[in-house]
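1. Build me a structure from this.
(chains A, B and C)
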Amino acid sequence: MRGLIRYFRRNLSLLVGSSLLLLLVVFVVTGHFVVDVEDARALSVRPLQPPSWRYPFGTDRQGRDLLAVMVAGTPLTLRIGFIAGILGVAIGTVLAFAAAYYRGWADTIIRGIADIGLTVPGLLVLIIIAVGIRGGLSVNQMALVVASLAWLNPTRTIRAQVLSLRERGYVEIARMSGMSGPAIIFFELMPNLLPYLAATLVNAVSSAILASIGLEVLGLGPIDAPTLGMTLYWVNFNAAMINGWWWWWLAPTVIIVLVFLGLFFVTVGLDEYANPRLRKSA
Amino acid sequence: MRMIDIVRRCGVFAVIVLLAASLNFFLPKLSGQDPVRTKLLQQAALGGYVHQGIDDMVKLYEKRFGLDRPLWEQYFNYLGDVARLDFNYSIANYPRTVAEMITEAIPWTIGLLSMTTLLSFVIGTLLGALLAWPRAPRWMAWLMPPLWALHAIPFFLLGLILMYLLAFQVPLLPIFGGYSVGVQPALSLAFVLDVVRHATLPALSIILVSIGGWALGMRGMMVTTMGEDYVVFAEGKGLRSLTIFLRYCLRNAILPQITALALALGQILSGAVLVEVIFGYPGIGTLLFQAIRENDHFLIQGIVFTVIVALGLATLILDLVYPLLDPRITYQRS
Amino acid sequence: MSAVLSVEGLRVQFDHPLGAVHAVDDVSFTLDANERLGLAGESGSGKSTMALAILRMIRPPGRITGGRVTLDGTELSALDHEAMRRLRLAGIAMVPQGSMNSLNPVMRIRDQLADAFRDHGVALSAPELHARVAELLRTVGLRPDVADLYPHELSGGMKQRACIAIAICLRPKVIIADEPTSALDVVVQRQVMETLARVQRDLGCAIILVGHDMGLMAQFVDRLGVMYAGRLVEVAPIAEIITTPRHPYTQALISSLPSLAARGTMQGIPGLAPLLRDLPSGCAFHPRCPRAEDRCRSEKPAVRTLAPSHQAACHFA
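-> Residues are numbered from 1 along each chain as shown, chains lettered A, B, ... in the order given. Prediction:
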């Protein structure tokens, strides 16, 4: 424990990032005791109330208590991000190991697909998919849609990392001493990659949340779920900015900013942990 | 560059074009029913003064993409249409064609995106280079934390915040649209200024977020480059600091940045779509938003295809220009 | 003969959280005009750091903490930044290590010579520059059309010749060559050394050759200095130091040379080079020295003059 504290003092980014995320968790957990989450549905409370003691975050035009929306919506948005991120990194890791370890045609194909896929603007492909299966996308389906592209970036970066690890001496020794391919992957490469995989995962979660919010703001999200992105969709739909209902967009904006800042600083911190040489230059 | 490399890169571009077209064709079919057909039939059932046109469209659609046709025939019909840039009529805006509407919107997006990408790349890269340079002024180090923080925020969210601060609270800049209501588009100075004023907030929200990324990447590359032997030797040659900075450090460190730019274009565009929506900027993003609202499948498909191809083209150009910057990629001599 | 370069009490220190490291510790020597001085030692002995320190090119966390370097009567530590910059290449030029990529990969050789001229205030028209570059390349044994090539189009030996061409372009008084032939194969090594020797003769400059290859040193230099753990432990004319080395470390170095040692008794130096961060007390060599006594463990030996041109830092020399 003391070692952990000492490490946090050196790795400020990790400390800041995890504190921000912890703050969000505390907000959601205490929120569930303070407010009735059912008030996140439309027509639950008086519409368009600015923040007050009764409604600390105000209420929206359709009669949702925005505090309840935030308490209910933050975990939903995070859930989409984590499902898509974990799926993306899992698929990406398998493909990257296959490509980098066995090389040859497997590598050519996997790398080709990842490279071409990354030049295509992901949001547009997701739009086509989402439009195709329209008519009530649930939160979990949303996560799967986002996951369908979330493996591209992890595949590319993990492959590069495995390739550089592969050239190191100890892998060579393991191979010469007759270890099998999968054994080398699990016993020699994996432990060295873990911190790097963690950084890639957090990064993938962040991209997935960004993509899901993008789809939601465009009106392709789960219409009746109170996610952060759907809240922004309603903000835009009702022109809350021009009408001066500042509290409506303020709450989701602040929370989304906290989510992204938290994830970003955790990624930076994990990068630093995975690659201590960066520390000097940072 | 060798001919074969040019051919290979053009081949990748062709694959992207084909991929974009196939995506448009096959993905909507995955759901089991044909959403285009459903929407067309709905629209035809609604009736109205454009009724005749929609009825004709339904007939034509059934003939070419009807369920009785084999899939491959539908597919080749579709590819043929795409090759002629014929994306059909806009279902919601009949009798306007999709191609027409895209042509109208695309200059706005290209203008906004090329300006913001160029500005943020140049400013961010220079800033990153200076941040790594030991002779840079001390105060520059204070720029890093805010740049990092901004970099983590989505474009459109910063757009919302800027909109509130600079257009709503302090009405410095217009809040909405590409030009003032009631103004006729014309090539006059007044109109151009009006357009620039309207584009300022959307542009600012893209630039402020992007700068941090370029600065971070460039700073890392500069730190690596400054440790290279040729920089040490350049110092030993008694070159001026400015020469070493520009021609030895920056010149080499910028190469990976350009590769990164080619990869980032897609992400930048994805983000810019939402910025357009938030600001009601009359580009491709807003058009796409309307098309999604109105379930206008032909328009959505047309936009997605056009944008993917345009980005593929931009990447191809960057790829072809890159060897001019890095002589090691030039194979002519050896 | 008059000294063109003199180094007195030069010290370089690297600041480190676990304590400062003295990479160069109180080193003094002189270099005569036209002389070829060798500096030998194991890696980590401070020889390359000293080469950089003479040019005042130590980067943080390292810094020069003491000593004077005088070139032709000018004291370098008194020069301002700009004057020191102008003195590099024009007064003292460096030839980088052969194993390194010391040429800018994105600039043609001609441009890498041109910017040296320009930044030293030598204004040349395009045809003049062309002629100067062609002549310099010919001097180092390269074809003039190499000027239009990029570094990746040259072989290792050609690159090193290009570096020599850059080093001599302003006719410096001193050239510091830091392992100029490392990583080159033996034949090319020889050619590069011959080129270096020839330009040194033609230019009439002095040269400091830094390296660890005693065989190469024996063939090339007039006088040899031996460095150990940041200190110069022995300096003498090359013939003298090979026949009668006085410092035990030098003796060990010489006897590790296969061609010069008695046949069949080739031997290495026992033990490992010390960590600069954690130097032994007294004489830094004592843990590996066959003659070490109590005195060596407590008392740092001073440099003593044993003969008019022979100095060594050993209690028993």
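2. Output the below-cut-off pLDDT ranges for the chain.
-> Because you didn't say which chain, this covers chain A. Applying pLDDT under 70 to chain A flags residues A:1, A:134-136, A:169, A:276-282.
3. hm, I was asking about chain C
-> For chain C, the ranges with pLDDT under 70 are C:1, C:258-268.
4. quick one: furthest residue from the center of it?
-> C:P127 (35.1 Å; Cα atoms, centre = their mean).
5. Now that residue: which helix or strand?
-> Element membership of C:P127, judged by DSSP states H and E, is helix C:126-139.
6. Check C:V226 too.
-> Counting by DSSP H and E, C:V226 is part of strand C:223-228.
7. After that strand, which helix or strand is next?
-> strand C:231-237.
8. what's in contact with that next one?
-> C:25-29, C:46, C:222-227, C:241, C:245-247, C:249-250, C:284-285, C:303, C:307, C:309-314, C:317 (Cβ atoms under 8 Å, 6 or more residues apart in numbering or on different chains). Just so you know, the C-beta spots here come from the backbone N, C-alpha and C atoms, and that holds for glycine as well.
9. And for stretch A:131-145?
-> A:76, A:79-80, A:83-84, A:87, A:126, A:129-130, A:208, A:212, A:215, A:220-223, A:225, A:227, B:27-31, B:35, B:292, B:295, B:297, B:300.
10. Tell me who's in contact with the residue of the stretch 151-300 of chain C found nearest chain A.
-> Distances between the stretch 151-300 of chain C and chain A by Cβ to the nearest Cβ are smallest at C:R277, namely 17.1 Å. For C:R277, the contact set (Cβ under 8 Å, 6+ apart) comprises C:H16, C:L18, C:G19, C:V21.
11. can you check B:N77 too?
-> B:R64, B:F65.
12. And it, what's its pLDDT?
-> For B:N77, the pLDDT comes out at 85.
13. Now the strand or helix carrying it: buried residues?
-> According to DSSP H and E, B:N77 maps onto helix B:71-83. Going by neighbour count (16 or more other Cβ atoms under 10 Å in any protein chain shown), the buried part of helix B:71-83 is B:Q74, B:Y75, B:Y78, B:V82.
14. Wait, the last one touches B:L23, no?
-> No - counting by Cβ atoms under 8 Å, B:L23 is not a contact partner of B:V82; they are 11.2 Å apart.
15. Apart from its neighbours in sequence, what residue is nearest the residue of the stretch 101-250 of chain A found nearest chain B?
-> Closest residue of the stretch 101-250 of chain A to chain B, Cβ to the nearest Cβ: A:L123 (3.6 Å). Nearest residue to A:L123, sequence neighbours excluded (Cβ to Cβ, 6 or more residues apart in numbering or on different chains): B:S270, at 3.6 Å.
16. Tell me who's in contact with the one you found.
-> Counting by Cβ under 8 Å, 6+ apart, B:S270 makes contact with A:P121, A:G122, A:L123, A:L124, A:A211, A:G214.
17. Show me which helix runs longest in chain B.
-> helix B:189-226 (DSSP state H).
18. Any part of that one near chain C?
-> No - judged by Cβ under 8 Å from any Cβ of the partner chain, helix B:189-226 makes no contact with chain C; its nearest approach is 9.0 Å.
19. In the chain, mark out all the helices, start to finish.
-> Since no chain was named, I'll use chain A. Going by DSSP H, chain A shows helices at A:2-10, A:12-34, A:66-102, A:104-119, A:122-132, A:139-150, A:152-166, A:169-176, A:181-183, A:190-217, A:228-237, A:240-243, A:246-274, A:277-281.
20. um, chain C though
-> Using DSSP H, helices in chain C cover C:47-54, C:81-90, C:109-119, C:126-139, C:156-168, C:186-203, C:214-220, C:238-243, C:248-255, C:294-298.
21. Check the stretch 201-334 of chain B too.
-> Secondary structure of the stretch 201-334 of chain B (DSSP state H, counting those that start in this stretch): helices at B:229-236, B:241-243, B:251-279, B:284-293, B:297-325.
22. what's the most buried one of those?
-> helix B:284-293 (a mean of 24; mean count of other Cβ atoms under 10 Å in any protein chain shown).
23. rewinding a little: give me the residues contacting the strand holding C:V226.
-> Residues contacting strand C:223-228 (Cβ under 8 Å, 6+ apart): C:27, C:29, C:35-42, C:45-47, C:50, C:217, C:232-238, C:241, C:247, C:249-250, C:253, C:284-285, C:309.
24. Please check the residues you listed and keep the buried ones.
-> Using 16+ other Cβ under 10 Å, the buried ones in these are C:27, C:29, C:35-42, C:45-47, C:50, C:217, C:232-236, C:238, C:241, C:247, C:249-250, C:253, C:284-285.
25. Quick one: name the residues of the stretch 51-200 of chain B near chain A.
-> So far as Cβ under 8 Å from any Cβ goes, the stretch 51-200 of chain B lies against chain A at B:132, B:148-149, B:151-154, B:156-157, B:160-161, B:163-164, B:168, B:175-176.
26. Closest to B:E62 out of these?
-> Nearest to B:E62 among these: B:F156, at 39.6 Å, using Cβ to Cβ.
27. thinking that closest one is in contact with B:V209, fair?
-> No - contact between B:F156 and B:V209 fails when scored by Cβ under 8 Å: they sit 9.6 Å apart.
28. Next one: B:L126 from B:M222, what distance?
-> 11 Å (Cβ to Cβ, to the nearest Å).
29. Centre-most residue in the chain?
-> Picked chain A for this. A:V205 (1.9 Å).
30. hm, I was asking about chain C
-> Central residue of chain C (Cα atoms, centre = their mean): C:V210, at 3.1 Å.
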